[in-house]
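Trainee: Sequence first, predicted model second:
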Amino acid sequence: MNRAEFSQRIAGIDNLTDTDRRIIDYFDKHFESIPYSKVIDVCHEINIAKSTLGRFMMKLGFTGFRDFKESTIEPEQRRNISPIERFDNSKDRKNGIEYIEKHCSEITDNINSTLKNINRQDLEKTIALICDPQKRLYVIGSATAHSLAEYFYLLGRYIKKDIVLLDANIANLPHKLIDSRKGDVLLAISYYRFSSVTTRLIKWFYQNRGDTIVITDKAVNPFSHFASAMLLMESQHSGLFSSRSAGFVLIEALVNFMGEVKSHELNDNFHVMESLFEAFNVFNK
């Protein structure tokens, strides 16, 4: 079931109650996260009993919330498909040069498509939040997304002092978040198949601290309604692994723009950083 089919079923129901309309409003706003939702969380957010939700599901023609949820899940989401399952190893294999050329062409298409389709309002909000000098910025990315988060953090530390890099070790998160406060910002990078730790952090931060910015590659995800701003990156690739290049380009652009905004304050920061490199003999001379 897609959003249009959901609306069609709603249109066929007579005598909707006020509670029915609250449920409809919730699902209309958060339709993309339904495949990842739990009935207890949905009922808590709408402030209704499970039996109330169950009766509404029956009005829609489903046996219950699980039946409804499963109707919205695409086959690949049901299996949480891995890269090796997605990979087509029966296709004609190109030589090395041809493969590199094709790879670069696909990456260019991803970047152009991302720029064309990105939500400009969410992008403007992202820029404003990460450049706000009053807000501490927390950054997290799990698995392949961790390298993007670390890249943003390492360059961002030249520019903004209040940046904290988080990792996916859930036992360490309380230690890193102990100084977090209302009004802080979380920048989370999460690609399909979506880290459960990152998802839980996004929800917690949104409910307890402040704005959350999510960079991801799927509109249907478990955290869409806990994101203050969501930036969708194209990750299509015909090879074994999906591409992270469009996300990297965005991260690079964001951190460089932060430098533009804070350009008048950079000299002192760079002087301190360079002196530390010198003290620890970080780079060869």
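Mentor: Perfect, thanks for sending it. Owing to the predicted nature of the structure, the values given are computational and were not obtained by experimental measurement.

Trainee: where's the most centrally placed residue in the chain, which helix or strand?
Mentor: The residue lying closest to the centre of the chain (C-alpha atoms, centre = their mean) is Val214, at 3.4 Å. For Val214, the enclosing helix or strand under DSSP states H and E is strand 211-216.

Trainee: picking up where we left off before, next one, pLDDT for the residue nearest to the centre of the chain please.
Mentor: In the prediction, the pLDDT value recorded for Val214 is 98.

Trainee: Over to Leu16?
Mentor: Predicted confidence (pLDDT) for Leu16: 92.

Trainee: gap between Glu74 and Asn269?
Mentor: Using C-beta to C-beta, to the nearest Å, Glu74 is found at 46 Å from Asn269. Quick note: C-beta positions are derived from backbone N, CA and C, even for glycine.

Trainee: Looking at those two, which has the bigger crowd around it?
Mentor: Neighbours of Glu74 and Asn269, each counted by other C-beta atoms under 10 Å, are more numerous for Asn269; the result is 16 against 11.

Trainee: where's the more buried one relative to Lys262, distance?
Mentor: Distance, Asn269 to Lys262, using C-beta to C-beta: 8 Å.

Trainee: Can you check which residues contact both of these two?
Mentor: Both Asn269 and Lys262 are in contact with Ile159, where contact means C-beta atoms under 8 Å, 6 or more residues apart in numbering.

Trainee: what's around Leu123, how many residues?
Mentor: The number of residues packed around Leu123, counting by other C-beta under 10 Å, is 17.

Trainee: Would you mind naming the helix or strand containing it?
Mentor: For Leu123, the host element (DSSP H and E) is helix 120-131.

Trainee: what's that helix packed up against?
Mentor: strand 185-189, strand 211-216, strand 229-232, helix 245-261 (3 or more C-beta pairs under 8 Å, 6 or more residues apart in numbering; DSSP states H and E).

Trainee: Show me what counts as buried in it.
Mentor: Neighbour-count burial for helix 120-131 flags Asp122, Leu123, Lys125, Thr126, Ile127, Leu129, Ile130, Cys131 (criterion: 16 or more other C-beta atoms under 10 Å).

Trainee: Can you get me the start-to-end distance on stretch 203-221?
Mentor: 12 Å (C-alpha to C-alpha, to the nearest Å).

Trainee: got the buried residues for that stretch?
Mentor: For stretch 203-221, burial by neighbour count (16+ other C-beta under 10 Å) applies to 203, 205-206, 209-218, 220-221.

Trainee: Repeat that for stretch 127-143.
Mentor: 127, 129-132, 135-142.

Trainee: Just the mean pLDDT for that stretch, thanks.
Mentor: Per-residue pLDDT over stretch 127-143 has a mean of 95.
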